[in-house]
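Novice: Just a sequence and a predicted model for now, questions to come.
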Amino acid sequence: MSTTTSAGAAALPRTPHRGLGLTLIAAAQFIVIMDTSIIGVALSDIARDVGFTADGLSWVFNAYVIAFGGLLLLGGRLADLFGARRVFTAGWIVLLLGSVGAGLATSPWVEIASRAVQGAGAALIAPAALALLMTLFGGTPQLPRAFAVYGAAAPIGGTAGVFLGGVLTEYLGWPWVFYVTVPIAVAILALTPLAFPRGTRAPGRVDVVGAVTGTAGLALTVFGIVRAPEAGWTSLETLGALVVGILLLVAFLVRQAKASEPLLRLGMLRLPLLGGANIAQLLLGAAWIPMWFFLNLYLQKVLGASAFAAGAALVPMTAVIVLGMTLVAPRLAARWGTRAMVTGGFALLGVGIAWLALAPADGVYAADVLPASLVAAAGMSLAFVPSLSTAIASAPPADAGVASGLVNTSYQIGSAVGLAALSALSASVSAAAGDAEGYSAAFVGAAAIAAVGLVAGITLLRAPRC
């Protein structure tokens with residue numbers, strides 16, 4: 001892929017399609033994040049019509065996130081071997097098929113399997129999209145702004161999912177939270193050949209064993225954490241899932257260390273800044289996604305907001321992130337460097353989340369939620385783009401796809417494990433003291449994760465400014 005990427009980066013700036021390419025890349029990030037949030041309002045209708053139990057319903061969310069996070073490294077490796085455009089195209093086809101299957105499902109297992117297929121499609125799309133971004137903008141002055149547009153697409157997708165999920169479920173029915181992806185996928189498939197170079201195949205093999213052990217290990221670990229509040233932390237079910245999951249993850253790392261063509265060359269993590277930037281992304285996901293999830297629950301279940309009103313309450317936060325990522329962060333990063341941006345961002349994020357933890361059961365949105373959420377959003381906007389761009393730019397060109405898969409994997413694994421752990425904490429506290437206290441405990445946990453991110457930024461990003 002290195003030859004293709006270098007050639008593409010030299011040729012594409014002279015074509016009129018770089019804007020179209022960035023639009024498709026941003027749309028990809030928008031959709032893969034939207035598909036995690038759009039189902040929230042529809043879950044009760046899905047449970048009724050498809051026949052989910054209360055325990056099984058969470059897997060409509062988890063199946064997507066685990067397949068997405070678990071297969072991202074494989075998606076990055078495939079992009080390096082077969083060309084980013086081919087994998088980008090294949091990912092949209094897989095996502096389209098999974099979306100149709102999820103909308104047509106009449107049994108829980110079909111629904112869960114279809115959501116996993118959607119996640120697999122997203123795992124092909126996301127690293128290929130970042131590799132294509134580097135092909136289009138690598139080595140150009142426009143690269144920081146391109147990263148900012150890409151990064152801003154995620155919170156827009158998350159907020160749009162809340163709105164669309166409510167509107168589509170109310171007026172068209174829950175299957176349309178999945179069908180809405182279909183026309184977008186068709187349009188992107190039609191436009192992709194106009195925006196990106198074809199690319200060429202590179203010699204090499206795919207580490208199937210690594211992909212299986214890594215994905216299964218992540219799935220079992222998250223399953224154990226999610227089930228623990230109900231089954232008990234010392235139950236055979238919980239301990240068995242956690243032990244086997246951790247052993248599989250260890251086996252994945254051993255495999256990567258010994259395989260001749262691994263999904264992830266562990267030596268990459270020793271590259272200056274790359275390891276630290278990925279840890280920053282992991283901790284951002286582990287702090288931000290649970291905060292967003294529990295803030296939505298606090299607004300609806302404690303303050304009594306409707307799903308639409310809760311979505312509207314998140315708009316100011318989204319606006320701060322978009323403006324921060326596209327206008328503020330690139331300028332400050334050029335002046336202050338990655339380390340200052342990431343540490344400052346984590347500090348603001350932690351302060352904002354800790355402030356949310358103080359929101360009472362009889363809170364008022366304007367006083368107890370809005371200012372705290374804006375501080376947290378400002379912190380996220382400062383830390384996300386510099387750590388993302390550093391993680392990609394620090395890798396050799398030949399490993400652009402793997403580096404893209406790695407940074408996406410770091411964020412998604414952080415999101416999945418952080419949400420599972422803080423959901424377990426919240427459930428335990430809620431059972432004893434009520435929902436408001438449970439959500440407060442989750443916010444405290446997320447703020448603690450942000451504090452760890454601050455320390456990690458100070459200690460691991462000691463390098464010249466980027």
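Specialist: The structure has been received and is ready for your questions. All values reported here derive from a predicted model rather than from experimental measurement.
Novice: can I get the CA coordinates of the strand or helix carrying Ala187 in CSV?
Specialist: Using DSSP states H and E, the element containing Ala187 is helix 181-195. Coordinates of each C-alpha in helix 181-195 appear next as CSV, following Å, rounded to 0.1, in the frame of the first residue of the first chain:
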residue,chain,number,x,y,z
THR,A,181,-28.2,3.6,6.1
VAL,A,182,-29.1,1.9,2.8
PRO,A,183,-29.5,4.9,0.5
ILE,A,184,-26.5,6.5,2.0
ALA,A,185,-24.4,3.4,1.4
VAL,A,186,-25.6,3.2,-2.2
ALA,A,187,-24.7,6.9,-2.9
ILE,A,188,-21.2,6.5,-1.4
LEU,A,189,-20.6,3.3,-3.4
ALA,A,190,-21.5,5.2,-6.6
LEU,A,191,-19.3,8.1,-5.8
THR,A,192,-16.2,6.3,-4.4
PRO,A,193,-14.6,5.6,-7.8
LEU,A,194,-14.7,9.3,-8.6
ALA,A,195,-13.0,10.4,-5.4
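Novice: What helices and strands are in contact with that helix?
Specialist: helix 18-37, helix 84-104 (3 or more C-beta pairs under 8 Å, 6 or more residues apart in numbering; DSSP states H and E). Bear in mind the C-beta positions are built from the backbone N, C-alpha and C, glycine included.
Novice: of all those helices, which lies closest to Ala432?
Specialist: With distances scored as C-beta to C-beta, the stretch of those nearest to Ala432 is helix 18-37 (28.9 Å).
Novice: Point out the other helices and strands that the closest one packs with.
Specialist: Using 3+ C-beta pairs under 8 Å, 6+ apart: helix 18-37 touches helix 59-82, helix 84-104, helix 108-137, helix 143-171, helix 181-195.
Novice: want to throw those helices into TSV with mean pLDDT and mean neighbour count?
Specialist: Listed next are the helices and strands packed on helix 18-37 as TSV, based on pLDDT from 0 to 100; neighbours: other C-beta atoms under 10 Å:
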stretch	mean pLDDT	mean neighbour count
helix 59-82	82	26
helix 84-104	96	22
helix 108-137	92	26
helix 143-171	80	22
helix 181-195	95	16
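Novice: wait, which of these is closest to Leu264?
Specialist: So among these, helix 59-82 is nearest, using C-beta to C-beta, at 5.5 Å.
Novice: between that closest one and helix 18-37, how big is the angle?
Specialist: Angle of helix 59-82 versus helix 18-37, following axes from the mean of the first three to the mean of the last three C-alpha atoms, to 10 degrees, is 150 degrees.
Novice: Keeping just the C-alphas, turn helix 59-82 into CSV.
Specialist: What follows is helix 59-82, C-alpha atoms only, in CSV (Å, rounded to 0.1, in the frame of the first residue of the first chain):
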residue,chain,number,x,y,z
TRP,A,59,-26.6,-7.0,22.7
VAL,A,60,-28.4,-5.0,19.9
PHE,A,61,-25.8,-2.4,20.9
ASN,A,62,-23.0,-4.6,22.1
ALA,A,63,-22.9,-6.8,19.0
TYR,A,64,-22.2,-3.8,16.8
VAL,A,65,-19.6,-2.3,19.1
ILE,A,66,-17.7,-5.5,19.7
ALA,A,67,-17.6,-6.5,16.0
PHE,A,68,-16.5,-3.0,15.1
GLY,A,69,-13.8,-2.7,17.7
GLY,A,70,-12.6,-6.3,17.4
LEU,A,71,-12.2,-6.4,13.7
LEU,A,72,-10.6,-2.9,13.1
LEU,A,73,-7.1,-4.2,13.1
LEU,A,74,-8.1,-6.8,10.5
GLY,A,75,-9.7,-4.0,8.4
GLY,A,76,-6.5,-2.0,8.6
ARG,A,77,-4.4,-4.9,7.5
LEU,A,78,-6.8,-5.6,4.6
ALA,A,79,-6.5,-2.0,3.5
ASP,A,80,-2.8,-2.3,3.4
LEU,A,81,-2.8,-5.5,1.4
PHE,A,82,-5.7,-4.9,-1.0
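Novice: Return the list of helices and strands in contact with it.
Specialist: Contacts defined by 3+ C-beta pairs under 8 Å, 6+ apart place helix 59-82 against helix 18-37, helix 84-104, helix 108-137, helix 208-231, helix 400-433.
Novice: how about these, which one is nearest Leu189?
Specialist: Closest approach to Leu189 among the helices and strands packed on helix 59-82 (C-beta to C-beta): helix 84-104, 5.3 Å.
Novice: In terms of secondary structure, what does the closest one contact?
Specialist: Packing partners of helix 84-104 (3+ C-beta pairs under 8 Å, 6+ apart): helix 18-37, helix 59-82, helix 108-137, helix 176-179, helix 181-195, helix 400-433.
Novice: Give the other helices and strands that the third one contacts.
Specialist: Counting by 3+ C-beta pairs under 8 Å, 6+ apart, the packing neighbours recorded for helix 108-137 are helix 2-11, helix 18-37, helix 59-82, helix 84-104, helix 143-171, helix 400-433.
Novice: which one of those helices lies closest to Ala126?
Specialist: Checking the helices and strands packed on helix 108-137 against Ala126 by C-beta to C-beta gives helix 400-433 as the closest, at 4.7 Å.
Novice: How far off centre is that closest one?
Specialist: With C-alpha atoms, centre = their mean, to the nearest Å as the basis, helix 400-433 stands 9 Å off its chain's centre.
Novice: Can you name the next helix or strand after it?
Specialist: With elements assigned by DSSP H and E, the helix or strand that comes after helix 400-433 is helix 435-460.
Novice: between that next one and helix 400-433, how many degrees?
Specialist: 140 degrees.
Novice: Which of the residues in helix 435-460 are classified as buried?
Specialist: 435-436, 438-447, 449-451, 453-454, 456-457, 460 (16 or more other C-beta atoms under 10 Å).
Novice: for that helix, what is the average pLDDT?
Specialist: Over the span of helix 435-460, the pLDDT mean works out to 93.
Novice: cool, stretch 231-241 as well?
Specialist: Across stretch 231-241, pLDDT averages out at 86.
Novice: Tabulate the CA atom coordinates of that stretch in PDB.
Specialist: Only the C-alpha atoms of stretch 231-241 are listed here, as PDB (Å, rounded to 0.1, in the frame of the first residue of the first chain):
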ATOM      1  CA  ALA A 231     -25.000 -12.700  37.500                       C
ATOM      2  CA  GLY A 232     -22.600 -11.500  40.200                       C
ATOM      3  CA  TRP A 233     -18.900 -10.800  40.000                       C
ATOM      4  CA  THR A 234     -18.000 -14.100  41.600                       C
ATOM      5  CA  SER A 235     -20.400 -16.200  39.500                       C
ATOM      6  CA  LEU A 236     -19.100 -18.900  37.200                       C
ATOM      7  CA  GLU A 237     -20.600 -17.200  34.200                       C
ATOM      8  CA  THR A 238     -18.800 -13.900  34.900                       C
ATOM      9  CA  LEU A 239     -15.500 -15.300  36.000                       C
ATOM     10  CA  GLY A 240     -15.400 -17.800  33.200                       C
ATOM     11  CA  ALA A 241     -16.100 -15.100  30.500                       C
END
